[in-house]
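# here are the coordinates; sequence isn't available:
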């Protein structure tokens, strides 16, 4: 059974991956190790104090569902899955750089996938929404949900950071 079939089956019983909380929790288990570095948090906005209404005004409905309600977009829907240019993938919520294009690879899952985040860019926690525990990761600046990390990625890390494309913004570097 594929993940897509499992998700459809679970949704029939009301167990779809969309969380009922309005905002992501303020604290996470641990920052994920990665390559490169992420800049310090912006001093202008206190991202973790924005209300649900503030986030809804800043984000599209699809971005809000993923970033703030821990939803999952449908696979093969993000143009970022096919993005091959050199650059950085930023959080769509607060613009923190999360991944370098150097760490992106084709996983065959239909979601943008990376083998390592930028250092200090994401934090992880355990997610039990699909009954079995999974490792979920969020942006360290705004706590926006990005996706899940699995142990079936390529070298050098063996990790697959499976990201919702709607939770990302791509910035080309020269």
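Received it, and whenever you're ready, just let me know what you need. All values reported here derive from a predicted model rather than from experimental measurement. Residues are numbered from 1 along each chain as shown.

# going forward, measure contacts and count neighbours with C-alpha atoms only.
OK.

# mind showing which ranges of the protein have poor pLDDT?
1-44 (pLDDT under 70).

# Which residue ranges of it form strands?
30-31, 87-91, 97-100, 104-105, 113-114, 122-127, 134-139, 145-150, 160-163, 168-172 (DSSP state E).

# residues contacting the residue positioned nearest the centre of the chain?
For the chain, residue 146 is the residue whose C-alpha lies nearest the centre (C-alpha atoms, centre = their mean; 1.2 Å). For residue 146, the contact set (C-alpha atoms under 8 Å, 6 or more residues apart in numbering) comprises 66-67, 70, 91, 136-139, 163-164, 167-168.

# Of those residues, grab the buried ones for PyMOL.
Applying 16 or more other C-alpha atoms under 10 Å to those, the buried members can be selected in PyMOL as follows:
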select buried, resi 66+67+70+91+136+137+138+139+163+164+167+168
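
# tell me which of the contacts of residue 146 is nearest to residue 108?
Of all these, residue 163 has the smallest distance to residue 108: 12.7 Å, by C-alpha to C-alpha.

# residues touching that closest one, list them.
111-114, 146-148.

# Roughly how far does residue 165 sit from residue 120?
20 Å (C-alpha to C-alpha, to the nearest Å).

# Can you say which of the contacts of residue 163 are buried?
So, by 16+ other C-alpha under 10 Å, the buried ones in the contacts of residue 163 are 111-114, 146-148.

# Dump those residues to a markdown table, plus distance to residue 83.
Listed next are the buried ones among the contacts of residue 163 as a markdown table, based on distance: C-alpha to C-alpha, whole Å:
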| residue | distance to residue 83 |
| --- | --- |
| 111 | 11 |
| 112 | 8 |
| 113 | 11 |
| 114 | 12 |
| 146 | 17 |
| 147 | 18 |
| 148 | 20 |
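
# Just the closest of those residues to residue 58, please.
Once C-alpha to C-alpha is applied, the member of the buried ones among the contacts of residue 163 that ends up nearest residue 58 is residue 146, at 16.6 Å.

# Out of the strands of the chain, the one nearest residue 47 is which?
strand 134-139 (10.7 Å).

# hmm, who's touching that closest one?
So strand 134-139 is contacted by 91, 96, 98, 121-128, 144-150 (C-alpha under 8 Å, 6+ apart).

# Apply 7 Å and report the result again.
Strand 134-139 is contacted from outside by 91, 121-128, 144-149, using C-alpha atoms under 7 Å, 6 or more residues apart in numbering.

# so which of the residues you listed is the most crowded?
residue 145 (32 neighbours; other C-alpha atoms under 10 Å).

# Who are the contact partners of that residue?
66-68, 70, 137-139.
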